[in-house]
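Chemist: quick one: sequence plus predicted model below, questions after.
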Amino acid sequence: MGEVKNVANQAPSSTVAPLAPASPVAPVSAPSSTRRTAFAEGVDKARAAATTEPGRLRIIGAFLALLVLAFGAVTAWQTTDRAAAADDVLHKSQPLSTAAADIYRALADANTAASSGFLAGGQETAESRQRYEEDIDEAASKLVTAANNADPDSPSTAFITKLNTLLPEYKGLVERARTYNRQGFPVGGAYLRYANQKMQGEMLPAAQDLYTKENQRLEDDYADATPYPWAAIALGVLALAGLSWAQHRNYRRTNRVLNHGLVAATATTTVVLLWLVVGHSVARAGLNDSYDHGVRSLNVLHDARIASLKARGNENLTLVARGAETVKVTADGDEVTLDKYDHDFSTEITTLGKGLTLAAKLADDQAGEKPVASAESNMAEWKKRHTAAREQDDNGNYEQALALVIGGKDATGACFDGVDENLANALAHEQTEFRQAAGDGLDAMTGLPIGAAVLAVLGAAGAVVGIGRRLSEYR
């Protein structure tokens, strides 16, 4: 029988494997690349540049130039401020302080002249009347000057406005007192006392406040003008240290002793620093001298002159009041009743004596000592004559007392005039001393702000040129 083949179970000699199902393809994402900021890239470039010598030189050059320029800018700024404050001391605040003192003096002297004219009655002299009018005109003129130089919203402006309002009221009261006095009416004395109360209670305190405010303004200007410019000095020292380090570094790397640009930068920086320190030291010395031997003496002399004017006014008003106003004081444990104005005279004459003693100590030359010594002599004689006048008045001898107060060369009025004239001479001398010392201080800073700025620019340029010369060796 033939062989039967099991075709079903026979494996094929060659087979084709069926295709496997295709796997899903993952989407291809774009490469992540976050763009860096320009600042970060700049930092990287600078960091990379700093690893090379040319890069380091560029950084050093830029740093030195900025440091020198900063030194010059701060020097110009601080010296400009101090020079402006010194100029205010010389040309603004001190003259205004003197003007305020003159306002006080003119008002007090006008009050004194008014009481002297009242005591003379119908025989008032032309000189007494003229002195009163000149004092009133001077006070009005100084008030205008002070108003023009005062800040609109400052306390000084308020005091000036108050005085401008009260001055016509005071003049009206004095004129009424004179009119009634010439007619022989006792009410004239009441009007004069009322005018004096307005002067003593309102006008002179306002003038004193104005004087105090202007003196404080002067103190503030001194405080702004005299401190050392430490920020500028510190930057100058730092700039010199940086330039010295750069030159030392250059010497170590190249064995060259000098770099002309860096030497020029060092020289200009040294000049500015020395100019700053020496110039400001001289200016500070001049300003301090102007305060110690000028302003302090002027303030003491102004106070002494004011005390003498008050004393003279109260001396006159003692006779005008004739016991109408009294005060009770304690003397040696007992309560004593005294005439008010005579009591005030004693207080002011004591203040005058203390002021003259201090002024004599502050005077630093014979020209300043001589008028103060003469004023002390006049004051001593004034006290003697005043005591004699009071004895006559207490004994009922009014006419004799009056002659001792407003009479001729032997009266207390002559002593007061001597004190006032000598104090005026002392004030003129001290004012000259102040102007000279303060002017020397201001002159010491002349040109410093501009000079510092120009030299700083030249120094910065020298530093850049010096570093540029080293960079050229790498090209």
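Modeler: Looks like it arrived, so ask away.
Chemist: only C-alpha atoms from now on, for both contacts and neighbour counts.
Modeler: Noted.
Chemist: how close does the nearest residue to Thr179 once chain neighbours are set aside sit to Asn164?
Modeler: Of all residues not flanking Thr179 in the chain, Gly188 sits nearest, at 7.3 Å (CA to CA, 6 or more residues apart in numbering). For Gly188, the distance to Asn164 equals 24 Å [CA to CA, to the nearest Å].
Chemist: can you give me the strands for the chain?
Modeler: All strands of the chain, identified by DSSP state E, fall at 326-331, 334-339.
Chemist: neighbour count winner among Gly188 and Asn164?
Modeler: Remark: of Gly188 and Asn164, Gly188 carries more neighbours, 23 against 16, as counted by other CA atoms under 10 Å.
Chemist: could I get the pLDDT score of that one?
Modeler: Note for Gly188: predicted pLDDT of 77.
Chemist: is it in contact with Asn181, as I believe?
Modeler: Yes - look at Gly188 against Asn181 with CA atoms under 8 Å: they come within range, at 4.9 Å.
Chemist: show me where the chain dips below the pLDDT cut-off.
Modeler: 1-36, 42, 46, 49-51, 120-124, 255-257, 322-340, 473-475 (pLDDT under 70).
Chemist: chain neighbours aside, what residue packs nearest to the residue nearest the centre of it?
Modeler: Of all residues in the chain, the one closest to the mean position by CA atoms, centre = their mean is Asp221, 1.2 Å from it. Nearest residue to Asp221, sequence neighbours excluded (CA to CA, 6+ apart): Ala85, at 5.3 Å.
Chemist: give me the distance between the nearest residue to Ser116 once chain neighbours are set aside and Gly413.
Modeler: Nearest in space to Ser116, with sequence neighbours left out and distances taken as CA to CA, 6+ apart, is Asn316 at 6.3 Å. Asn316 sits 10 Å away from Gly413, going by CA to CA.
Chemist: what about those two, which has more around it?
Modeler: Asn316 (27 against 23).
Chemist: hmm, that one is touching Ala114, no?
Modeler: No - here Asn316 does not reach Ala114: they are 9.5 Å apart, not a contact under CA under 8 Å.
Chemist: and Trp409, its phi and psi?
Modeler: No Trp there; residue 409 is Lys. Backbone torsions for Lys409, taken as degrees, to the nearest 10, come to phi -70, psi -20.
Chemist: now do Asp153
Modeler: Main-chain dihedrals, Asp153, degrees, to the nearest 10: phi -100, psi 10.
Chemist: measure it to Lys383 for me?
Modeler: 44 Å.
Chemist: same deal with Asp109?
Modeler: In terms of CA to CA, Asp109 sits 19 Å off from Lys383.
Chemist: compare these two (neighbour count), which wins?
Modeler: When neighbours are counted by other CA under 10 Å, Asp109 and Lys383 differ, and Asp109 comes out ahead with 23 against 15.
Chemist: just checking, the more buried one touches Leu309?
Modeler: Yes - between Asp109 and Leu309 a contact is recorded at 6.1 Å, counting by CA under 8 Å.
Chemist: so Thr392 sits against Ala401, correct?
Modeler: Check again: residue 392 is Gln, not Thr. Yes - with contacts counted by CA under 8 Å, Gln392 reaches Ala401, the gap being 5.2 Å.
Chemist: so between the two, which is more surrounded?
Modeler: Ala401 (24 against 17).
Chemist: find the residue closest to the more buried one in space, skipping its chain neighbours.
Modeler: Ala389 (4.5 Å).
Chemist: tell me the contacts of that neighbour?
Modeler: 400-402, 404-405 (CA atoms under 8 Å, 6 or more residues apart in numbering).
Chemist: most neighbours, which of these?
Modeler: In terms of neighbours by other CA under 10 Å, these top out with Val405 at 27 neighbours.
Chemist: any idea how far that residue is from Arg305?
Modeler: Using CA to CA, Val405 is found at 19 Å from Arg305.
Chemist: other residues contacting stretch 367-385?
Modeler: 353, 356, 359-360, 363, 404, 411-412, 415-416, 418-420, 422-423, 425-426, 429-430.
Chemist: can you do 7 Å?
Modeler: 356, 359-360, 363, 411-412, 415-416, 418-419, 422-423, 425-426, 429 (CA atoms under 7 Å, 6 or more residues apart in numbering).
Chemist: Leu167 and Val277, how far apart?
Modeler: For Leu167 relative to Val277 (CA to CA), the value is 50 Å.
Chemist: check the contacts of stretch 367-385 and tell me the two furthest apart.
Modeler: Based on CA to CA, the longest span within these runs between Ala363 and Ala411 and measures 29.4 Å.
Chemist: just the helices from the stretch 201-350 of the chain, written as ranges.
Modeler: 204-225, 230-254, 260-290, 296-321, 340-362 (DSSP state H, counting those that start in this stretch).
Chemist: and the angle for the first one with helix 260-290?
Modeler: Interaxial angle, helix 204-225 versus helix 260-290 (axes from the mean of the first three to the mean of the last three CA atoms, to 10 degrees): 160 degrees.
Chemist: packing partners of helix 204-225?
Modeler: Here helix 204-225 touches helix 53-88, helix 94-120, helix 155-182, going by 3 or more CA pairs under 7 Å, 6 or more residues apart in numbering; DSSP states H and E.
Chemist: which of those is buried the deepest?
Modeler: Stretch with highest mean neighbour count among the helices and strands packed on helix 204-225: helix 94-120 (a mean of 25; mean count of other CA atoms under 10 Å).
Chemist: from the chain's centre, how far out is that one? Work that out for me.
Modeler: Helix 94-120 sits 26 Å away from the centroid of its parent chain (CA atoms, centre = their mean, to the nearest Å).
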